[in-house]
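> From the sequence below, what's the structure:
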Amino acid sequence: MLLYQMKIAIVHDWLTVYGGAERVLEQLLVLFPDADLFSLVDFLPQGQRGFIQNKPVNTSFIQNLPLAKDNYRQYLLLMPLAVEQFDLSDYDLVISNSYAVAKGVLTGPDQLHLCVCCSPIRYAWDLQHQYLKESGLDQGVKGWVAKWFLHRIRLWDARTANGVDGFVAISKFISRRIWKVYHRKSTVIYPPVDVTAFSLCEAKEDFYLTASRMVPYKQIDLIVKAFSEMPDKKLVVIGEGPDFEKIRAHAGINVTLMGYQSFAVLKDYMQRAKAFIFAAEEDFGITPVEAQACGTPVIAFGKGGALETIRGLDREQPTGIFYKQQNVDSLKEAIVTFEKNYEFISPSACRTNALRFNPERFHHEMQCFLEKEWADFQRRLD
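Have a look, this model is predicted:
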């Protein structure tokens with residue numbers, strides 16, 4: 001049976017925003033436009049449904065629980081049960097696009113289940129302590145309840161990995177995490193980035209840029225503090241989120257917080273910036289690739305997916321600088337190093353590097369992976 005002749009289900013964790021995992025989902029639906037779509041909840045606004053091709057979404061019982069629209073994450077305890085209630089018995093191929101619980105769907109021995117793993121559940125595994133601390137749940141009675149609950153999630157998550165026939169990891173970093181957590185091998189296929197939406201700009205201006213949702217793990221406060229201690233350098237910050245006011249309190253007069261901006265404004269600043277600053281430990285990190293697509297170098301924390309998308313000074317045709325520690329002093333030192341080596345990083349090299357992550361490459365590699373897995377699956381059935 002050819003892939004386009006199969007009955008295919010695509011399972012996503014939840015549909016609330018258009019983020020990195022949703023960009024992967026978007027391209028999976030380009031590959032398989034006739035696939036049926038499942039998600040625990042679907043609260044996408046009517047005007048933002050284009051990336052799922054305005055498909056109807058099969059949702060779980062969590063969709064109808066009280067206050068689910070704004071607080072669906074509070075039902076994490078019920079999500080393993082909810083995802084197991086999807087009846088996928090009529091499908092030949094099930095693709096879970098998972099960073100939480102989607103891979104836990106139930107499939108039979110005559111069905112092929114492939115998981116595009118954006119990450120094992122971060123806050124249940126190696127990042128548990130960080131998330132509990134940021135949420136104020138690292139001590140007290142509530143803390144012990146949260147730790148017990150995450151322990152139960154880990155047991156369920158590890159068990160359900162056995163129901164996946166093949167894993168795709170979105171980076172080598174995530175491939176190592178999959179091996180550590182599930183002891184399963186995976187094929188690395190980098191996520192698609194719409195690099196054609198950005199254009200090369202070689203004329204740079206004397207300011208730095210960072211852009212992100214303002215949540216703790218993005219470390220925007222670290223970037224703002226660093227620049228506030230370097231008053232001779234200008235920083236522009238684009239984005240909003242729950243930490244906005246906290247971050248603004250640390251901003252010096254050389255730091256401009258613009259809040260949410262349209263794509264056109266973001267693109268304009270990204271093209272003109274001297275460099276893009278990235279402080280998060282990301283599984284892949286789409287924004288640094290978009291910056292490079294504009295010909296803009298990236299100064300990034302040297303851990304996670306950034307090490308795979310940015311070429312440091314130790315490589316030919318470098319596209320950025322790494323700093324080793326996630327703190328103010330290390331970032332400030334990296335900015336000084338960047339300015340000393342600015343002439344060695346060309347906008348054209350940045351653009352060329354970014355083109356490696358175009359959607360067409362994703363389509364080709366995913367198609368090859370699926371065909372190989374299906375052929376192997378058929379041999380096992382025989």
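
> Every contact and neighbour count from this point should use C-alpha atoms.
Will do.

> Now do the domain split for the chain, please.
Here the domain parsing of the chain from automatic domain parsing is 3-192+358-381, 195-356.

> Need the winner for burial among these.
Burial of these is given as mean neighbour count (mean count of other Cα atoms under 10 Å); domain 195-356 ranks first at a mean of 19.

> can the domains of the chain go into JSON lines with extra columns for mean pLDDT?
Formatted as JSON lines, these follow (pLDDT from 0 to 100):
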{"stretch": "domain 3-192+358-381", "mean pLDDT": "93"}
{"stretch": "domain 195-356", "mean pLDDT": "95"}
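
> contacting residues around the residue nearest to Gly136 when sequence neighbours are not counted?
Nearest in space to Gly136, with sequence neighbours left out and distances taken as Cα to Cα, 6 or more residues apart in numbering, is Gly143 at 7.9 Å. Residues near Gly143 by Cα atoms under 8 Å, 6 or more residues apart in numbering: Leu132, Gly136, Leu137.

> Show the backbone phi and psi for Arg380.
phi -70, psi -40 (degrees, to the nearest 10).

> Tell me how far it lies from Asp165.
11 Å (Cα to Cα, to the nearest Å).

> can you check His183 too?
Counting by Cα to Cα - His183 and Asp165 are separated by 13 Å.

> sec struct for the residue nearest to Gly136, please.
Put simply, Gly143 is helix when judged by DSSP: H, G, I helix; E, B strand; the rest coil.

> roughly how far apart are it and Tyr18?
31 Å.

> likewise Asp221?
24 Å.

> Also Glu205?
Counting by Cα to Cα - Glu205 and Tyr18 are separated by 30 Å.

> again with Asp194
Asp194 is 13 Å from Tyr18, by Cα to Cα.

> same thing with Ser119?
For Ser119, the distance to Tyr18 - Cα to Cα - is 17 Å.

> Val336 too?
In terms of Cα to Cα, Val336 sits 35 Å off from Tyr18.

> quick one: contacts of stretch 261-272?
198-201, 203-205, 209, 211, 238-239, 276, 291, 294-296.

> For those, work out which two are farthest apart.
Ala203 and Gly239 (23.9 Å; Cα to Cα).

> so Phe301 makes contact with Asn327?
No - Phe301 is beyond contact range of Asn327, at 9.3 Å (criterion: Cα atoms under 8 Å).

> ok, which stretches of this structure are strands?
Counting by DSSP state E, the chain has these strands, from start to end: 8-12, 36-39, 57-58, 93-98, 112-117, 166-169, 186-188, 208-211, 235-238, 255-259, 275-278, 298-301, 320-323.

> Just tell me which of those ends up closest to Leu370.
strand 112-117 (8.2 Å).

> Next, the angle from that closest one to strand 93-98.
Interaxial angle of strand 112-117 relative to strand 93-98 (axes from the mean of the first three to the mean of the last three Cα atoms, to 10 degrees): 20 degrees.

> Against which helices or strands is strand 112-117 packed?
strand 93-98, strand 166-169 (3 or more Cα pairs under 8 Å, 6 or more residues apart in numbering; DSSP states H and E).

> Direction included, what does that strand pair up with?
According to DSSP bridges, strand 112-117 forms sheet pairs with strand 93-98 (parallel), strand 166-169 (parallel).

> gap between the closest residue to Gly20 other than its chain neighbours and Ala300?
Nearest residue to Gly20, sequence neighbours excluded (Cα to Cα, 6+ apart): Ile286, at 6.9 Å. Per Cα to Cα, Ile286 is found 13 Å from Ala300.

> which neighbours do those two share?
With Cα under 8 Å, 6+ apart as the test, Ile286 and Ala300 reach no residue in common.

> ok, now how distant is Leu127 from Phe301?
In terms of Cα to Cα, Leu127 sits 17 Å off from Phe301.

> meant to ask about Tyr18, not that
24 Å.

> wait, Ile10 sits on Asp34?
No - contact status for Ile10 versus Asp34: not in contact, 10.2 Å apart, counting by Cα under 8 Å.

> residue boundaries of the helices in the stretch 101-250 of the chain?
In the stretch 101-250 of the chain, the segments counted as helices under DSSP state H, counting those that start in this stretch are 128-134, 140-160, 172-182, 220-228, 244-248.
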